[in-house]
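Undergrad: A predicted structure for the sequence below; I have some questions about it.
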Amino acid sequence: MWGDKKKAQLPQAGDALPGREQTIELIDHHAVLGRPLKGPWPDCEQALFGMGCFWGAERKFWTLDGIETTAAGYAGGPTPNPSYREVCSGQTGHAEVVLVVWHPQRISFEALLKEFFESHDPTQGMRQGNDLGSQYRSAIYCATAQQLAAADSARKVYQARLTAAGFGPITTEIEPLPPFYYSEDYHQQYLAKNPDGYCGIGGTGVVCPIGHFATA
């Protein structure tokens, strides 16, 4: 899962890999939750979260109560239907992300934001720990205007806490939902299939004060 400095820059327009029309073959079954990885999901909300290697990030979310399903994939770049190898090259512009689908009656978007911010270091730019490359950047891709506002508010509140603790500026991308491309089947719920597999997830130790977002 390692990268290098050359992979820590997004490709310029026209320089990204061309990708392909066909989607990656996928077993439409969550190995932990037992539910489909693909919709439709009536009465649910969805968003994409990038917080470094998607193996550990996906596990963080599927353990929460109120989650309908999760899936590992790629988003934020121009290359259609990229492969894992292509994303790791740094030439697709994509981040490794987790699709999270949840029941808003059981868990709030703010609770997901708290999990997101506390589970990685959102100040590291194009990396997470030893994982270096644009695919490891921090990102929240939102499906609604309400989600965008909540994410931006959470970022401001958490920035104040991080600054007080000696951390730098948050570099998290907060953008409307782009196209999402499912990753290869072996990446889906990877740490459930490989309990001793690599997990690079690690937070700053700074608490994200959930419940204060509305007053930021």
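TA: Nice, thanks for sending it over. Residues are numbered from 1 along each chain as shown.

Undergrad: quick one: the helices in this protein?
TA: Applying DSSP state H to the chain gives helices spanning 54-62, 84-88, 109-118, 145-164, 190-193.

Undergrad: Quick check: which of those helices is nearest to P179?
TA: helix 84-88 (13.6 Å; Cβ to Cβ). In this view, the C-beta of every residue, glycine as well, is placed from N, C-alpha and C.

Undergrad: So which of the helices of the chain is the most surrounded?
TA: Highest mean neighbour count of these: helix 54-62, a mean of 24 (counted as mean count of other Cβ atoms under 10 Å).

Undergrad: so how far is that helix from its chain's centroid?
TA: With Cα atoms, centre = their mean, to the nearest Å as the basis, helix 54-62 stands 9 Å off its chain's centre.

Undergrad: cool, and stretch 43-58?
TA: For stretch 43-58 - counting by Cα atoms, centre = their mean - the centre lies 4 Å from the chain centre.

Undergrad: One more: stretch 62-81?
TA: Between the centre of stretch 62-81 and the centre of its chain there are 7 Å (Cα atoms, centre = their mean).

Undergrad: repeat for stretch 193-203
TA: Distance of stretch 193-203 from its chain centroid, counting by Cα atoms, centre = their mean, is 15 Å.

Undergrad: buried residues in it?
TA: 199-201, 203 (16 or more other Cβ atoms under 10 Å).

Undergrad: ranges for the strands of the chain?
TA: Using DSSP state E, the strands of the chain run over residues 45-51, 67-75, 95-102, 127-128, 131-132, 138-142, 173-176, 181-182.

Undergrad: Most tightly packed of the ones you listed?
TA: Per-stretch averages of neighbours, counted by mean count of other Cβ under 10 Å, single out strand 95-102 among the strands of the chain, with a mean of 26.

Undergrad: Point out where the protein drops to low pLDDT.
TA: 1-6, 211-216 (pLDDT under 70).

Undergrad: if we go to 90?
TA: Counting by pLDDT under 90, the chain has low-confidence residues at 1-9, 12-14, 210-216.

Undergrad: ok so, going back, relative to A8, which of the helices of the chain is closest?
TA: Nearest to A8 among the helices of the chain is helix 84-88; the distance by Cβ to Cβ comes to 12.2 Å.
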